[in-house]
Structures are given as C-alpha cells and as structure tokens.
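Undergrad: Starting from these lines, generate the structure:
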Amino acid sequence: MTSTAKPSKTPLLASVVVIVILLAALGYVYITSSATATAQGNSIASLNGEVSDQAGSIGALNGQVSSYQTQVSGLDANLAQQTSARNALEAMLASANATITQLSGQVSTYSGQVSSYSGQVNSYSEQVNSYSGELNSYSQQVNSQNSVISAQQSTISLQVQSTLESSEVLTLPGNVTANVVHFTASQGGYLQISGTSGAKLVLVACYGATTENACLASTNFYLAVFGTGGTVDLPMMPGPIWVDGLTVQAGTATLTVVEYT
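TA: Next comes the predicted model:
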C-alpha cells in the first residue's frame, strides 16, 4: 500500500506567528500614534490659546501704535512750528550780527577819533593848567580892583550914609524958621529928611552961608514941601549947609536927617 505523506504545518504556523507579530506591531504603532496624536492635539490647542493671547496682545499693541502715531503727528506739527520759529530767530540773529558788525566798525572808527581827541585834550589840559595859574594871579588882581571899585561905586551911587539927626523933635513957632540941622559937607550928595509934622512944613536948604542970618539974604537955596509927614530929598553941595523948617501955624515935628555921599 502506497502511503501518502501529510503536508507539514510548520509554514502555516510561521505565517500565523508573523501575522500575530504584525498585528501586535500594528497595534503598538496605532496606540503610539494615538498617544502622539493626542499629545499633538493638546499642543495644537495650547498653541491656539497662545495664538489667541498673542492676537489680543497684538490688538493692544496696535492701539498703542495708533496712539503713538497720533502723538507723533502732533509732535511733527509742533516740530514744524518750532522749525519755523527757529528759522525766524536765525534770520533775526543774522540781522543782529550784521548790525553788530556795522556798529563794531563804527566803534573802531570812533575809538580812533577818541584816541586822537584824548591827545588834544591832554595838550589842552596842560594849557589850561598854565592858564589856571595866570587866572589865579589875575583873580587876585581883580579882587583887589573890585574892592577899590566897590568903594568908588559906593561914592558914585551915594550908598555911604551917615545919620545927622535921629528922631529930633523940632518946635515950630509959626511964620518963623527953625533950624533943623547945620553942618559942613566935605563932598556932594543929598540929604534925606523923613518923619512927621503937626503943621504943614516947608524945608529950606541954604548953601555956602557962614551964619544962619546970612541964609536970609542968600539966593543959593533949595525949597522942598514936606507937608505933615513923609520923606524929602534935598541936594547937598560941599561947604556949609543950613536946613531950616517953616510953618504957618505953630506946632512940632519929629525929623530924622540922613546924609548920603
């Protein structure tokens, strides 16, 4: 009898083992991939949260940037104004510098003139000092001459006075002369008679008579109406002088006689 050989099961088992191993590997890979995917999903979610936060920060920063841009625009306008003002000031400064330069030239010119004048002034000062000495000498001479002139002017203008009678009480009998004063004048001038009289008084000045009785016959006399009071001036010539008073009615008079020469 012919025996039939049975087929071997080894290859089948080997295949099963391989399949099992592959399945196990696939399971491991799946599990590992799932864990990795979960982790990546969590990471993506975390990143999305961060992206959202960053987006909020970017929005806030954009607001700040907009605010800064507004400020920068304001600063640009202010800068433009400041630049315009600076340009105006620079123009004024340039004009002032030009004026200063011009004035400096004038000052230099004037300084030269002042130096020249200073030399002249020094020369004049020396002359003045010399003239001052001469002037002092002349001043002393002039003062001496002024003293002489003053004395002469006093005589010429009749400023030297002498009181001959002071408040003399004179009795007037009426229709008869009464002597007021008698003296001899050394030079010409005038007599000033002042006071009051109880009756209308006439004053008679007689010149050159040696006695009072000689005055009655003299033609060299001067009459002045005194009245009841006031001041009368009588001319005075060198030599004997008699001054008498005459009233119609009796009375008294108080007279002061001052000589001016």
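Undergrad: pLDDT (mean, whole number) over the strand or helix carrying Val169?
TA: Using DSSP states H and E, Val169 falls within strand 161-172. Summarised as a single mean, pLDDT over strand 161-172 is 93.
Undergrad: Which secondary structure elements does the one helix or strand Gly74 maps to sit against?
TA: Using DSSP H and E, Gly74 maps to helix 10-156. Taking 3 or more Cβ pairs under 8 Å, 6 or more residues apart in numbering; DSSP states H and E as the contact definition, helix 10-156 has no neighbouring helices or strands. For the C-beta atoms, the positions are set from N, CA and C on the backbone; glycine is no exception.
Undergrad: ok now do Ala253, which residues does it touch?
TA: For Ala253, the contacting residues are 169-170, 172, 195-199, 201, 226, 245, taking Cβ atoms under 8 Å, 6 or more residues apart in numbering as the criterion.
Undergrad: By neighbour count, which of these wins?
TA: Ranked by the number of neighbours (other Cβ atoms under 10 Å), these place Leu201 first, at 28 neighbours.
Undergrad: where does it land on pLDDT?
TA: Leu201 carries a pLDDT value of 96.
Undergrad: got it, and the one 5 residues further on?
TA: Note for Cys206: predicted pLDDT of 96.
Undergrad: For my notes, confirm it occurs in a strand.
TA: Yes. Using DSSP: H, G, I helix; E, B strand; the rest coil, the secondary structure at Cys206 is a strand.
Undergrad: now it, nearest residue through space, not along the chain?
TA: Cys215 (3.6 Å; Cβ to Cβ, 6 or more residues apart in numbering).
Undergrad: Same check on Gly189?
TA: Thr261 (3.8 Å).
Undergrad: residues in contact with that neighbour?
TA: Counting by Cβ under 8 Å, 6+ apart, Thr261 makes contact with 155, 158, 160-162, 185-189, 236.
Undergrad: quick revisit: quick one: list the elements packing against the strand holding Val169.
TA: With contacts defined as 3+ Cβ pairs under 8 Å, 6+ apart, the secondary structure elements packing on strand 161-172 are strand 178-185, strand 189-207, strand 239-247, strand 251-260.
Undergrad: Out of those strands, which gets nearest to Pro11?
TA: Comparison of these against Pro11 by Cβ to Cβ identifies strand 251-260 as nearest, at 189.1 Å.
Undergrad: now the closest one against strand 239-247, angle please.
TA: 150 degrees (axes from the mean of the first three to the mean of the last three Cα atoms, to 10 degrees).
Undergrad: Give the partner strands of strand 251-260 in its sheet and their orientations.
TA: Counting by DSSP bridges, the strands paired with strand 251-260 are strand 161-172 (antiparallel), strand 189-207 (antiparallel).
Undergrad: Comparing those, which comes out most buried?
TA: Neighbour counts (mean count of other Cβ atoms under 10 Å) averaged over each of these peak at strand 189-207, with a mean of 19.
Undergrad: who's in contact with the helix or strand that it is followed by?
TA: From strand 189-207 onward toward the C-terminus, using DSSP H and E, the following helix or strand is helix 212-217. Residues external to helix 212-217 that are found in contact with it (Cβ under 8 Å, 6+ apart): 179, 182, 204, 206, 209, 221, 242, 244.
Undergrad: any idea which helix or strand comes after helix 212-217?
TA: From helix 212-217, the next helix or strand downstream (DSSP H and E) is strand 221-236.
Undergrad: Could you pull up the mean pLDDT of that following strand?
TA: Within the predicted structure, the mean pLDDT of strand 221-236 is 95.
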